[in-house]
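Following is a predicted model, sequence given first.
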Amino acid sequence: MKIGIGNDHAGTTLKLEICKHLDEIGVEYVDFGVAPGEAIDYPVAAERVCRQVVNGNVDRAILICGTGIGISIAANKIKGIRACACSDSFSAKYTRLHNDANALCLGGRVVGAGLACELVDLFLNTEFEGGRHQRRVDLITKLEQEGSCE
Ligand code: RB5
């Protein structure tokens with residue numbers, strides 16, 4: 001699995017911690033985010049990574065801003081992206097199991113590095129359950145493409 005990682009200026013410190021963790025666990029990633037001292041608006045940061053996901057150049061995204069919320073709102077505007085802002089383990093696990101999330105959004109001002117790395121592990125290692133959840137994810141896609149579930 002190849003991960004695209006992105007961040008705005010409020011997510012740089014946590015991004016670096018997560019990159020270190022990905023190196024340690026041997027997960028391949030491409031860093032599309034800004035470096036320390038650089039700034040970028042979070043919608044731009046989200047788009048840079050999410051385009052790579054929908055184009056198939058990377059499998060999933062990890063996105064970091066101050067809260068994880070702004071970057072998740074922006075990411076979810078891109079067709080094919082199912083992004084979830086998470087700050088607890090249950091959500092990180094279930095957004096994979098039930099929503100087939102392909103973008104994990106984290107708040108650099110919300111979660112510490114230890115918890116963030118645990119959330120990343122859950123996001124990477126939990127498989128989508130399918131079954132009745134596939135029907136619901138398909139409805140999200142229909143809503144996205146046709147403007148309605150019905
Ligand atoms: C940037 O200061 C901050 O607004 C942004 O990182 C994010 O928290 C927005 O949701």
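Sure, I can see it.

For residue 121, what are phi and psi?
phi -60, psi -40 (degrees, to the nearest 10).

for the ligand, what are the nearby residues on this structure?
8, 10, 42, 65-67, 69-70 (CB under 6 Å from any ligand atom). Quick note: C-beta positions are derived from backbone N, CA and C, even for glycine.

Now which of the residues you listed would you call buried?
The neighbour count (16 or more other CB atoms under 10 Å) marks 8, 10, 42, 65-67, 70 as buried among those.

thinking again about what came up before, between the residues of the chain next to the ligand, which sits nearest residue 87?
Residue 87 lies nearest to residue 67 out of the residues of the chain next to the ligand, by CB to CB, at 9.1 Å.

The closest residue to that closest one other than its chain neighbours - how many residues pack around it?
Counting by CB to CB, 6 or more residues apart in numbering, residue 107 is the residue found nearest to residue 67 once chain neighbours are left out, at 4.2 Å. Neighbourhood size, residue 107 [other CB atoms under 10 Å]: 22.

Give me the distance from the helix or strand where residue 24 lies to the chain's centre.
Assigned by DSSP states H and E, residue 24 belongs to helix 12-25. How far helix 12-25 lies from its chain's middle: 14 Å, per CA atoms, centre = their mean, to the nearest Å.

buried residues in that helix?
Buried, per 16+ other CB under 10 Å, within helix 12-25: 12, 14-19, 21-22.

which outside residues touch that helix?
Applying CB atoms under 8 Å, 6 or more residues apart in numbering, the contact partners of helix 12-25 are 3, 5-7, 28-29, 31, 33-36, 38, 62, 64, 106, 108, 111, 113, 116-117, 120-121.
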